[in-house]
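S.K.: return atomic coordinates for the entry below.
(one chain, ligands or ions: 1)
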Amino acid sequence: MASTSETKSPAPTSPEPEAPTSEVAAPTSASPPAAATASSPPVVATTAPAATIEAETEAPEEEEFENPYSSTDSAYSDSDLESYTTSLKSSVLNYQYENGRRYHAFRPGQYFLPNDELENHRLDLVHHTMTIAMQGQLHVAPLDKPQKIMDIGTGTGVWAIEMADLYPTAHIVGNDLSPIQPKWVPPNLSFEVDDVESEWTHTPSSFDFIYSRYMLGSIQDWPRLFRQAFRALKPGGYIEILEPDSTLRCADDSLRDDSPLLKWNKLFVEAAETSGRSLVAAPKYQGWLEEAGFVDIKDNISMLPNSPWPKERHLKELGGFHMAALTESLQGLSLRLFTHFHNMDVPEIEKLLVGVRKDIRNRRLPTYYDLHSIVARKPE
Ligand SMILES: C[S@@+](CC[C@H](N)C(=O)[O-])C[C@H]1O[C@@H](n2cnc3c(N)ncnc32)[C@H](O)[C@@H]1O
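M.R.: Numbering: from 1, shown residues only. Predicted coordinates:
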């Protein structure tokens, strides 16, 4: 069946004329949800990661580790098991530090954002922002008594936790390169340390729903990811992707060529392209999903304002939270990409970010990103 495309982009509304040009505070009209934090004890893979684990140095002592293979009914001898889990512990928890920020240890260097407390707070803000964008819905795919759900790149696991509460009879699996999820979660939820770009070991046709949110800049080969998801889904199962396209847009002609925000965005997108993990690929997902065999594909594009500049109430609230998440994350978003791919040093980056923050908070500069909400079905 041919795919369909639905584009519902709210017409850009002009910025408020009465708005001050100076910085605005983060909105207070709604509070972010109770957050899973990086200080929670790490959770480790409940299944063996798809990849070979290599031994590295010992993990920091304060990092608690539970042996996921503690069953006595094991094919491994005790010593094999011990050395395997020691390697697992080290390769998962031996975090890397760069410019004062903490990064993932499993498949080191693969992902550009930190996994420390600051970043995890941002992820919880992003979750709240996305919940506003989706009018409070955790998903838009029409699920009917789902039994098995996957959250690709679960982050702090906050979406997966809420889904587990919403569907208590479903089992939710959240995977990530970093074991940064909380330990105490609903019984129908498990977290795995895994690389979703490795060959999936899940039973074919076993999932009802696969969800992927904010994975821009993370994935090298989206067409392959979609093929793997297609195989893992049951016939009739759904995949859903929620993701901005990082092309900077402006609702009027006020974005000047010398804007620090425009300069930063260009550097940001270019560095990610050079790294092989695009930040602007969302418009291509529909075609790649179709190639993978999905049908009834809908790509709904809406506006993600960068500050509370729109007049319309919902977009204003959305912009306020997005501004908070964006300004909080600018350093994290820039450090690895700009030092590795633009050869910039930290003072140079920080200097640029001063102007970027000012531009983002300037309500007379009505910038936004396109937010893609894509749903597709595996045919019966
Ligand atoms: C921007 S965060 C989004 C987290 C979550 N999906 C959300 O919307 O709150 C991206 C997450 O993907 C994870 N990630 C990046 N590359 C990955 C990979 N190849 N396999 C598994 N997880 C990955 C990162 O560790 C990070 O937690």
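
S.K.: residues of the stretch 51-200 of the chain that sit close to the ligand?
M.R.: Selection of the stretch 51-200 of the chain residues close to the ligand by C-beta under 6 Å from any ligand atom yields 104, 111, 123, 126-127, 153-155, 159, 175-178, 194-197. Using the backbone N, CA and C atoms, a C-beta is placed for each residue, glycine as well.

S.K.: if we use 8 Å, what do you get?
M.R.: 104, 107, 110-111, 113, 115, 123-124, 126-127, 130, 151-156, 158-159, 175-178, 180, 194-198 (C-beta under 8 Å from any ligand atom).

S.K.: taking those residues one by one, which sit in strands?
M.R.: Among those, the ones falling in strands (DSSP state E) are 151, 152, 175, 176.

S.K.: and of those residues, the nearest to residue 332?
M.R.: Nearest to residue 332 among those, counting by C-beta to C-beta, is residue 176 at 16.2 Å.

S.K.: report pLDDT for the nearest residue to the closest one once chain neighbours are set aside.
M.R.: Spatial nearest neighbour of residue 176, chain neighbours left out: residue 154 (4.9 Å); criterion: C-beta to C-beta, 6 or more residues apart in numbering. Looking at residue 154, its pLDDT reads 98.

S.K.: what about residue 154, distance to residue 244?
M.R.: Taking C-beta to C-beta, to the nearest Å as the measure, residue 154 falls 18 Å from residue 244.

S.K.: of those two, who's got more company?
M.R.: residue 154 (27 against 20; other C-beta atoms under 10 Å).

S.K.: of the ones in strands among the residues of the stretch 51-200 of the chain next to the ligand - the most surrounded one?
M.R.: residue 176 leads these on contacts (other C-beta under 10 Å) with 27 neighbours.

S.K.: and that residue, what are its bridge partners?
M.R.: When bridges are called by DSSP bridges, residue 176 pairs up with residue 193.

S.K.: pretty sure it contacts residue 191?
M.R.: Yes - proximity of residue 176 to residue 191 meets the contact threshold set by C-beta atoms under 8 Å, at 7.1 Å.

S.K.: overlap in contacts, the two.
M.R.: Overlap of the contact sets of residue 176 and residue 191 (by C-beta atoms under 8 Å, 6 or more residues apart in numbering) consists of 154, 157.

S.K.: just the helices in the stretch 101-250 of the chain please.
M.R.: Along the stretch 101-250 of the chain, counting by DSSP state H, counting those that start in this stretch, helices occupy 117-133, 158-166, 222-232.

S.K.: so for residue 265, which of those sits nearest?
M.R.: Between these, helix 117-133 lies closest to residue 265; by C-beta to C-beta that is 17.6 Å.

S.K.: before we move on, the earlier item: rebuild the helices of the stretch 101-250 of the chain as TSV, extending it with mean neighbour count.
M.R.: Shown next, in TSV, are the helices of the stretch 101-250 of the chain (neighbours: other C-beta atoms under 10 Å):
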stretch	mean neighbour count
helix 117-133	21
helix 158-166	22
helix 222-232	20
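
S.K.: same list, the ones you listed, but as JSON lines with mean pLDDT please.
M.R.: Below are the helices of the stretch 101-250 of the chain laid out as JSON lines (pLDDT from 0 to 100):
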{"stretch": "helix 117-133", "mean pLDDT": "96"}
{"stretch": "helix 158-166", "mean pLDDT": "98"}
{"stretch": "helix 222-232", "mean pLDDT": "98"}
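
S.K.: out of those, which is closest to residue 92?
M.R.: helix 117-133 (16.3 Å).

S.K.: okay, the angle between the closest one and helix 158-166?
M.R.: Orientation check (axes from the mean of the first three to the mean of the last three C-alpha atoms, to 10 degrees): helix 117-133 against helix 158-166 gives 50 degrees.

S.K.: who are the packing partners of helix 117-133?
M.R.: For helix 117-133, the packing partners by 3 or more C-beta pairs under 8 Å, 6 or more residues apart in numbering; DSSP states H and E come out as helix 158-166, helix 313-341.

S.K.: of all residues in the stretch 1-150 of the chain, which one is closest to the ligand?
M.R.: residue 111 (4.1 Å; C-beta to the nearest ligand atom).

S.K.: identify the residues contacting that residue.
M.R.: By C-beta under 8 Å, 6+ apart, the residues touching residue 111 are 103, 104, 177, 217, 218.

S.K.: need phi/psi at it.
M.R.: Residue 111 adopts backbone torsions of phi -110, psi 140, taken as degrees, to the nearest 10.

S.K.: before we move on, what's the pLDDT of it?
M.R.: 95.

S.K.: let me know the distance separating the closest residue in space to residue 244 that isn't next to it in sequence from residue 325.
M.R.: Nearest residue to residue 244, sequence neighbours excluded (C-beta to C-beta, 6+ apart): residue 369, at 4.3 Å. Look at residue 369 and residue 325: by C-beta to C-beta, they are 12 Å apart.

S.K.: please pull out the lowest mean pLDDT helix or strand from this protein.
M.R.: Scoring the helices and strands of the chain by mean pLDDT, DSSP states H and E places helix 78-93 at the bottom, with a mean of 60.

S.K.: beyond that one, next helix or strand please.
M.R.: Once helix 78-93 ends, the next helix or strand along the chain (criterion: DSSP states H and E) is strand 96-98.

S.K.: quick one: contacts of that next one?
M.R.: 102, 103, 104, 105, 108, 109, 335, 336, 339.

S.K.: in ChimeraX, select just the buried ones from those.
M.R.: With 16 or more other C-beta atoms under 10 Å as the burial test, the buried ones among the contacts of strand 96-98 are selected in ChimeraX as follows:
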select :102,103,104,105,335,336,339
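
S.K.: and the contacts of strand 96-98 as CSV, adding distance to residue 312?
M.R.: Below are the contacts of strand 96-98 laid out as CSV (distance: C-beta to C-beta, whole Å):
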residue, distance to residue 312
102, 39
103, 38
104, 38
105, 44
108, 44
109, 42
335, 35
336, 36
339, 39
